[in-house]
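K.L.:
quick one, structure for this:
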Amino acid sequence: MAGYGLYANTSDSAPNDYEKSHFEENYMVNALKTFDKMYKPVHGYLAVTICVFGITANILNITVLTRKGMISFVHIFLTGLAISDGITMALYCPFLVQMYLMHGTTKSPDRNTEGAVRYQVVFAVISTIVHSISIWLTVTLAVFRYLFIRFPRIGLKYGNTKSALAAEGIVVIMVTIICIPNSILYQMKNTHVPLNETSNDTSASIWSITKRNDVILEKVNYWMHAIFTRLLPSCLLMIFSVFLIITMRQADKRRNNMTLNNTFALRSRRTTKMLLAVVLLSVIAETPHGVLLLLSGLIPDFFANVYVPLGDMIDILTLINDGVNFVLYCTMSKQFRKKFLSLFCRCANRHS
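P.N.:
Purely as a prediction, here's the structure:
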(Lines give C-alpha, C1' and ligand atoms only; values in the text may rest on other atoms or scores of the structure.)
Protein backbone atom coordinates (compact mmCIF):
# COMPACT_ATOMS: atom_id res chain seq x y z
CA MET A 1 0.00 0.00 0.00
CA ALA A 2 2.16 2.74 -1.33
CA GLY A 3 2.92 5.45 1.14
CA TYR A 4 0.44 3.87 3.60
CA GLY A 5 -2.43 4.92 1.34
CA LEU A 6 -5.16 3.21 -0.57
CA TYR A 7 -3.58 4.00 -3.91
CA ALA A 8 -1.67 0.91 -4.96
CA ASN A 9 -2.44 -2.63 -3.85
CA THR A 10 -5.98 -1.90 -2.71
CA SER A 11 -7.26 -0.87 -6.11
CA ASP A 12 -9.82 -2.91 -8.02
CA SER A 13 -7.02 -4.86 -9.67
CA ALA A 14 -5.09 -7.59 -7.94
CA PRO A 15 -1.61 -6.62 -6.69
CA ASN A 16 0.08 -8.32 -9.62
CA ASP A 17 -2.38 -7.25 -12.32
CA TYR A 18 -1.82 -4.22 -14.53
CA GLU A 19 -4.04 -2.46 -17.01
CA LYS A 20 -3.28 -3.07 -20.64
CA SER A 21 -2.20 0.02 -22.53
CA HIS A 22 0.49 1.44 -24.73
CA PHE A 23 2.69 1.37 -21.62
CA GLU A 24 3.08 -2.39 -22.04
CA GLU A 25 5.26 -1.80 -25.07
CA ASN A 26 7.64 0.30 -22.99
CA TYR A 27 10.80 -1.53 -21.95
CA MET A 28 11.21 0.42 -18.69
CA VAL A 29 7.63 -0.27 -17.65
CA ASN A 30 8.06 -3.99 -18.30
CA ALA A 31 11.26 -3.88 -16.28
CA LEU A 32 9.41 -2.22 -13.40
CA LYS A 33 6.73 -4.90 -13.44
CA THR A 34 9.34 -7.65 -13.48
CA PHE A 35 11.15 -6.04 -10.57
CA ASP A 36 7.88 -5.73 -8.64
CA LYS A 37 7.08 -9.43 -9.07
CA MET A 38 10.59 -10.40 -7.95
CA TYR A 39 10.68 -8.03 -4.99
CA LYS A 40 7.13 -8.55 -3.67
CA PRO A 41 7.87 -11.89 -1.87
CA VAL A 42 10.77 -10.18 -0.06
CA HIS A 43 8.88 -7.02 0.86
CA GLY A 44 6.87 -8.49 3.74
CA TYR A 45 9.93 -9.77 5.61
CA LEU A 46 11.96 -6.63 5.01
CA ALA A 47 9.11 -4.30 5.96
CA VAL A 48 8.30 -6.23 9.18
CA THR A 49 11.97 -6.08 10.20
CA ILE A 50 12.07 -2.32 9.65
CA CYS A 51 8.76 -1.90 11.51
CA VAL A 52 9.97 -3.84 14.57
CA PHE A 53 13.11 -1.69 14.71
CA GLY A 54 11.13 1.50 14.07
CA ILE A 55 8.46 0.79 16.72
CA THR A 56 11.16 0.06 19.30
CA ALA A 57 13.13 3.16 18.29
CA ASN A 58 10.08 5.43 18.51
CA ILE A 59 9.16 4.06 21.95
CA LEU A 60 12.70 4.91 23.06
CA ASN A 61 12.33 8.39 21.53
CA ILE A 62 9.11 9.03 23.45
CA THR A 63 10.60 7.68 26.68
CA VAL A 64 13.68 9.91 26.50
CA LEU A 65 12.05 13.07 25.13
CA THR A 66 9.35 13.13 27.82
CA ARG A 67 11.75 12.79 30.78
CA LYS A 68 12.18 15.60 33.27
CA GLY A 69 14.57 18.21 31.91
CA MET A 70 14.01 17.15 28.30
CA ILE A 71 10.64 18.78 27.62
CA SER A 72 11.04 21.78 25.33
CA PHE A 73 9.46 23.38 22.25
CA VAL A 74 11.54 21.27 19.84
CA HIS A 75 11.21 18.06 21.84
CA ILE A 76 7.42 18.30 21.95
CA PHE A 77 7.42 18.26 18.14
CA LEU A 78 9.89 15.37 18.06
CA THR A 79 7.68 13.47 20.51
CA GLY A 80 4.70 14.06 18.22
CA LEU A 81 6.73 12.70 15.30
CA ALA A 82 7.67 9.61 17.31
CA ILE A 83 4.04 8.95 18.28
CA SER A 84 2.80 9.37 14.69
CA ASP A 85 5.54 7.23 13.15
CA GLY A 86 5.21 4.54 15.83
CA ILE A 87 1.43 4.25 15.36
CA THR A 88 1.82 4.04 11.58
CA MET A 89 4.37 1.23 11.80
CA ALA A 90 2.42 -0.64 14.46
CA LEU A 91 -0.71 -0.58 12.27
CA TYR A 92 1.28 -1.72 9.24
CA CYS A 93 2.58 -4.93 10.86
CA PRO A 94 -0.71 -6.92 10.98
CA PHE A 95 -1.39 -5.94 7.36
CA LEU A 96 2.04 -7.24 6.32
CA VAL A 97 1.59 -10.50 8.17
CA GLN A 98 -1.80 -11.22 6.59
CA MET A 99 -1.25 -9.89 3.08
CA TYR A 100 2.41 -10.80 2.51
CA LEU A 101 3.72 -13.40 4.97
CA MET A 102 0.93 -15.84 5.88
CA HIS A 103 -0.88 -16.19 2.56
CA GLY A 104 1.45 -14.72 -0.06
CA THR A 105 0.61 -11.75 -2.28
CA THR A 106 -2.02 -13.36 -4.54
CA LYS A 107 -5.71 -12.86 -3.78
CA SER A 108 -7.35 -15.92 -2.22
CA PRO A 109 -10.25 -16.75 0.14
CA ASP A 110 -7.77 -17.35 3.00
CA ARG A 111 -5.86 -14.12 2.39
CA ASN A 112 -8.68 -11.74 1.47
CA THR A 113 -11.16 -12.53 4.21
CA GLU A 114 -13.82 -10.07 5.28
CA GLY A 115 -12.00 -9.33 8.54
CA ALA A 116 -8.63 -8.87 6.85
CA VAL A 117 -9.95 -6.46 4.24
CA ARG A 118 -11.97 -4.56 6.83
CA TYR A 119 -8.76 -4.08 8.81
CA GLN A 120 -7.03 -3.07 5.59
CA VAL A 121 -9.53 -0.24 5.07
CA VAL A 122 -9.30 0.94 8.69
CA PHE A 123 -5.51 0.72 8.63
CA ALA A 124 -5.19 2.63 5.38
CA VAL A 125 -7.52 5.42 6.49
CA ILE A 126 -5.93 5.86 9.93
CA SER A 127 -2.34 5.49 8.72
CA THR A 128 -2.91 8.06 5.96
CA ILE A 129 -4.08 10.55 8.59
CA VAL A 130 -1.34 9.74 11.10
CA HIS A 131 1.46 9.74 8.53
CA SER A 132 0.22 13.03 7.06
CA ILE A 133 0.25 14.49 10.57
CA SER A 134 3.88 13.39 10.87
CA ILE A 135 4.79 15.13 7.59
CA TRP A 136 3.07 18.38 8.56
CA LEU A 137 4.62 18.32 12.05
CA THR A 138 8.01 18.18 10.32
CA VAL A 139 7.02 21.13 8.12
CA THR A 140 5.79 23.12 11.12
CA LEU A 141 8.98 22.40 13.06
CA ALA A 142 11.12 23.50 10.10
CA VAL A 143 9.15 26.76 9.76
CA PHE A 144 9.37 27.56 13.47
CA ARG A 145 13.06 26.73 13.64
CA TYR A 146 13.79 29.06 10.76
CA LEU A 147 11.74 31.86 12.29
CA PHE A 148 13.37 31.42 15.69
CA ILE A 149 16.88 31.62 14.22
CA ARG A 150 16.12 34.38 11.75
CA PHE A 151 14.01 36.42 14.17
CA PRO A 152 15.17 35.65 17.74
CA ARG A 153 12.47 37.83 19.33
CA ILE A 154 9.81 35.56 17.85
CA GLY A 155 11.60 32.61 19.39
CA LEU A 156 11.62 34.25 22.81
CA LYS A 157 7.91 35.02 22.57
CA TYR A 158 6.56 31.79 21.07
CA GLY A 159 9.27 29.21 21.72
CA ASN A 160 7.52 27.57 24.66
CA THR A 161 5.73 24.29 25.30
CA LYS A 162 2.28 25.92 25.24
CA SER A 163 2.85 27.23 21.70
CA ALA A 164 4.22 23.86 20.59
CA LEU A 165 1.17 21.99 21.88
CA ALA A 166 -1.17 24.52 20.25
CA ALA A 167 0.65 24.18 16.91
CA GLU A 168 0.47 20.39 17.10
CA GLY A 169 -3.25 20.55 17.84
CA ILE A 170 -3.85 22.77 14.81
CA VAL A 171 -1.88 20.35 12.59
CA VAL A 172 -3.88 17.36 13.83
CA ILE A 173 -7.23 19.08 13.22
CA MET A 174 -6.34 20.44 9.77
CA VAL A 175 -4.86 17.15 8.51
CA THR A 176 -7.86 15.18 9.76
CA ILE A 177 -10.18 17.53 7.83
CA ILE A 178 -8.06 17.25 4.67
CA CYS A 179 -8.20 13.44 4.88
CA ILE A 180 -12.01 13.23 5.21
CA PRO A 181 -12.56 12.50 1.48
CA ASN A 182 -10.04 9.65 1.67
CA SER A 183 -11.82 8.27 4.73
CA ILE A 184 -15.21 7.99 3.02
CA LEU A 185 -14.25 7.10 -0.55
CA TYR A 186 -13.60 3.38 -0.17
CA GLN A 187 -15.88 0.43 0.44
CA MET A 188 -15.62 -3.36 0.55
CA LYS A 189 -16.70 -5.74 -2.20
CA ASN A 190 -17.38 -9.47 -1.96
CA THR A 191 -16.66 -11.73 -4.96
CA HIS A 192 -17.79 -15.39 -4.97
CA VAL A 193 -15.39 -17.85 -6.59
CA PRO A 194 -15.35 -21.64 -7.10
CA LEU A 195 -13.52 -23.59 -4.43
CA ASN A 196 -11.54 -25.35 -7.17
CA GLU A 197 -11.27 -25.37 -10.95
CA THR A 198 -13.53 -28.42 -11.43
CA SER A 199 -16.30 -27.35 -9.06
CA ASN A 200 -19.14 -24.91 -9.55
CA ASP A 201 -19.49 -24.37 -5.81
CA THR A 202 -19.36 -20.62 -5.22
CA SER A 203 -19.29 -20.69 -1.41
CA ALA A 204 -15.77 -19.24 -1.25
CA SER A 205 -15.52 -15.46 -1.00
CA ILE A 206 -12.73 -13.07 -1.86
CA TRP A 207 -13.09 -9.62 -0.36
CA SER A 208 -11.49 -6.51 -1.84
CA ILE A 209 -11.61 -2.73 -1.64
CA THR A 210 -13.30 -0.60 -4.26
CA LYS A 211 -14.03 3.08 -4.71
CA ARG A 212 -17.53 4.46 -4.30
CA ASN A 213 -19.27 5.37 -7.55
CA ASP A 214 -18.67 9.10 -7.10
CA VAL A 215 -16.37 10.67 -9.69
CA ILE A 216 -16.31 14.08 -8.00
CA LEU A 217 -15.40 12.62 -4.60
CA GLU A 218 -12.70 10.48 -6.22
CA LYS A 219 -11.10 13.44 -7.99
CA VAL A 220 -11.32 15.68 -4.92
CA ASN A 221 -9.74 12.98 -2.78
CA TYR A 222 -6.98 12.26 -5.28
CA TRP A 223 -5.83 15.84 -5.72
CA MET A 224 -6.18 16.74 -2.06
CA HIS A 225 -4.06 13.73 -1.17
CA ALA A 226 -1.48 14.41 -3.87
CA ILE A 227 -1.17 18.13 -3.17
CA PHE A 228 -1.83 18.65 0.54
CA THR A 229 -0.30 15.47 1.99
CA ARG A 230 2.60 14.98 -0.44
CA LEU A 231 3.59 17.73 -2.91
CA LEU A 232 2.95 20.87 -0.83
CA PRO A 233 4.69 19.63 2.34
CA SER A 234 7.60 18.29 0.27
CA CYS A 235 8.02 21.67 -1.45
CA LEU A 236 7.83 23.52 1.87
CA LEU A 237 10.38 21.17 3.41
CA MET A 238 12.79 21.78 0.52
CA ILE A 239 12.30 25.55 0.72
CA PHE A 240 12.85 25.76 4.47
CA SER A 241 15.80 23.36 4.26
CA VAL A 242 17.50 25.92 2.03
CA PHE A 243 16.44 28.74 4.35
CA LEU A 244 17.86 26.89 7.37
CA ILE A 245 21.18 26.24 5.63
CA ILE A 246 21.51 29.90 4.63
CA THR A 247 20.51 31.08 8.11
CA MET A 248 22.98 28.69 9.77
CA ARG A 249 25.82 30.08 7.66
CA GLN A 250 24.85 33.61 8.56
CA ALA A 251 24.67 32.64 12.23
CA ASP A 252 28.14 31.08 11.99
CA LYS A 253 29.54 34.35 10.69
CA ARG A 254 27.91 36.25 13.54
CA ARG A 255 29.12 33.69 16.08
CA ASN A 256 32.72 34.15 14.97
CA ASN A 257 32.45 37.75 16.17
CA MET A 258 30.76 36.89 19.46
CA THR A 259 32.49 36.58 22.82
CA LEU A 260 29.39 35.99 24.94
CA ASN A 261 26.85 33.16 24.94
CA ASN A 262 29.08 31.15 22.63
CA THR A 263 28.14 27.88 24.34
CA PHE A 264 24.44 28.57 23.78
CA ALA A 265 25.12 29.41 20.13
CA LEU A 266 26.98 26.15 19.60
CA ARG A 267 24.19 24.14 21.22
CA SER A 268 21.59 25.91 19.09
CA ARG A 269 23.60 25.15 15.97
CA ARG A 270 23.81 21.43 16.85
CA THR A 271 20.04 21.35 17.37
CA THR A 272 19.45 23.06 14.05
CA LYS A 273 21.77 20.62 12.26
CA MET A 274 19.89 17.68 13.76
CA LEU A 275 16.51 19.13 12.76
CA LEU A 276 17.86 19.84 9.29
CA ALA A 277 18.83 16.17 8.96
CA VAL A 278 15.28 15.15 9.98
CA VAL A 279 13.81 17.55 7.43
CA LEU A 280 16.11 16.43 4.59
CA LEU A 281 15.29 12.75 5.23
CA SER A 282 11.60 13.61 4.99
CA VAL A 283 12.25 15.39 1.68
CA ILE A 284 14.05 12.32 0.32
CA ALA A 285 11.28 9.98 1.45
CA GLU A 286 8.22 12.02 0.50
CA THR A 287 9.19 13.86 -2.69
CA PRO A 288 9.33 10.78 -4.99
CA HIS A 289 5.89 9.73 -3.76
CA GLY A 290 4.48 13.17 -4.42
CA VAL A 291 5.97 13.33 -7.93
CA LEU A 292 4.61 9.89 -8.80
CA LEU A 293 1.14 10.85 -7.57
CA LEU A 294 1.24 14.05 -9.62
CA LEU A 295 2.27 12.18 -12.78
CA SER A 296 -0.42 9.58 -12.10
CA GLY A 297 -3.04 12.31 -12.24
CA LEU A 298 -1.63 13.88 -15.41
CA ILE A 299 -0.60 10.88 -17.55
CA PRO A 300 -3.14 8.18 -18.51
CA ASP A 301 -2.25 4.68 -17.24
CA PHE A 302 0.81 5.98 -15.37
CA PHE A 303 -0.70 4.93 -12.05
CA ALA A 304 -1.31 1.29 -12.99
CA ASN A 305 1.86 0.79 -14.97
CA VAL A 306 4.45 2.82 -13.07
CA TYR A 307 3.12 3.83 -9.66
CA VAL A 308 1.75 0.42 -8.64
CA PRO A 309 4.96 -1.54 -9.44
CA LEU A 310 6.89 0.96 -7.30
CA GLY A 311 4.35 0.90 -4.44
CA ASP A 312 6.23 -1.47 -2.15
CA MET A 313 9.51 0.39 -2.62
CA ILE A 314 7.77 3.65 -1.73
CA ASP A 315 6.58 1.99 1.46
CA ILE A 316 10.09 0.84 2.36
CA LEU A 317 11.47 4.34 1.84
CA THR A 318 8.73 5.76 4.05
CA LEU A 319 9.28 3.12 6.75
CA ILE A 320 13.00 3.86 6.90
CA ASN A 321 12.23 7.56 7.34
CA ASP A 322 9.73 6.73 10.10
CA GLY A 323 12.24 4.65 12.05
CA VAL A 324 15.60 6.38 11.57
CA ASN A 325 15.12 9.44 13.79
CA PHE A 326 16.36 7.60 16.89
CA VAL A 327 19.71 7.05 15.17
CA LEU A 328 19.89 10.75 14.27
CA TYR A 329 19.11 11.86 17.82
CA CYS A 330 21.74 9.54 19.32
CA THR A 331 24.46 10.61 16.91
CA MET A 332 23.68 14.33 16.66
CA SER A 333 22.23 15.35 20.04
CA LYS A 334 24.53 15.22 23.07
CA GLN A 335 21.58 16.00 25.36
CA PHE A 336 19.48 13.11 23.98
CA ARG A 337 22.44 10.72 24.13
CA LYS A 338 23.27 11.56 27.74
CA LYS A 339 19.66 11.21 28.89
CA PHE A 340 19.28 7.92 27.02
CA LEU A 341 22.43 6.48 28.59
CA SER A 342 21.50 7.71 32.05
CA LEU A 343 18.06 6.13 31.80
CA PHE A 344 18.87 2.76 30.29
CA CYS A 345 22.35 2.19 31.70
CA ARG A 346 20.91 2.85 35.14
CA CYS A 347 18.10 0.37 34.45
CA ALA A 348 20.61 -2.20 33.21
CA ASN A 349 22.76 -1.77 36.33
CA ARG A 350 19.71 -2.27 38.57
CA HIS A 351 18.91 -5.61 36.92
CA SER A 352 22.50 -6.84 36.74
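
K.L.:
okay, CA-based contacts and neighbour counts for the rest of this
P.N.:
OK.

K.L.:
pLDDT weak spots in the stretch 251-352 of the chain?
P.N.:
254-266, 346-352 (pLDDT under 70).

K.L.:
also the chain?
P.N.:
Judged by pLDDT under 70, the chain has its weakly predicted residues at 1-25, 195-202, 254-266, 346-352.

K.L.:
break down it into its strands, ranges please.
P.N.:
Along the chain, the stretches classed as strands by DSSP state E are 186-193, 204-211.

K.L.:
can you list those strands in CSV and add mean neighbour count and distance to His103?
P.N.:
Below are those laid out as CSV (neighbours: other C-alpha atoms under 10 Å; distance: least, C-alpha to C-alpha, whole Å):
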stretch, mean neighbour count, distance to His103
strand 186-193, 15, 17
strand 204-211, 19, 13
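
K.L.:
same list, these, but as a markdown table with distance to Met70 please.
P.N.:
Output for the strands of the chain, formatted as a markdown table (distance: least, C-alpha to C-alpha, whole Å):
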| stretch | distance to Met70 |
| --- | --- |
| strand 186-193 | 42 |
| strand 204-211 | 44 |
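
K.L.:
out of these, which comes closest to Asn112?
P.N.:
strand 204-211 (5.2 Å; C-alpha to C-alpha).

K.L.:
got the angle between the closest one and strand 186-193?
P.N.:
150 degrees (axes from the mean of the first three to the mean of the last three C-alpha atoms, to 10 degrees).

K.L.:
which other helices and strands does strand 204-211 contact?
P.N.:
Contact here means 3 or more C-alpha pairs under 8 Å, 6 or more residues apart in numbering; DSSP states H and E; on that basis strand 204-211 packs against helix 114-150, strand 186-193.

K.L.:
indicate each strand paired with it and its parallel or antiparallel sense.
P.N.:
strand 186-193 (antiparallel) (DSSP bridges).

K.L.:
which other residues reach the strand it pairs with?
P.N.:
Strand 186-193 has contacts (C-alpha atoms under 8 Å, 6 or more residues apart in numbering) with 117-118, 121, 201-212.

K.L.:
what angle sits between that strand and helix 114-150?
P.N.:
Going by the same axes, to 10 degrees, strand 186-193 makes 150 degrees with helix 114-150.

K.L.:
wait, which of the helices and strands packed on strand 204-211 is closest to Val308?
P.N.:
The closest of the helices and strands packed on strand 204-211 to Val308 is helix 114-150. By C-alpha to C-alpha, the value is 15.8 Å.

K.L.:
what about that closest one, distance to the chain center?
P.N.:
6 Å (C-alpha atoms, centre = their mean, to the nearest Å).

K.L.:
just so I know, which of the strands of the chain lies nearest Lys162?
P.N.:
Among those, strand 186-193 sits nearest to Lys162 (C-alpha to C-alpha), with 37.5 Å.

K.L.:
His131 is in contact with Val175, correct?
P.N.:
No. Between Val175 and His131 there is no contact under C-alpha atoms under 8 Å: 9.7 Å.

K.L.:
so these two - more neighbours on which side?
P.N.:
Ranked by neighbour count (other C-alpha atoms under 10 Å), Val175 and His131 place His131 first, with 25 against 21.
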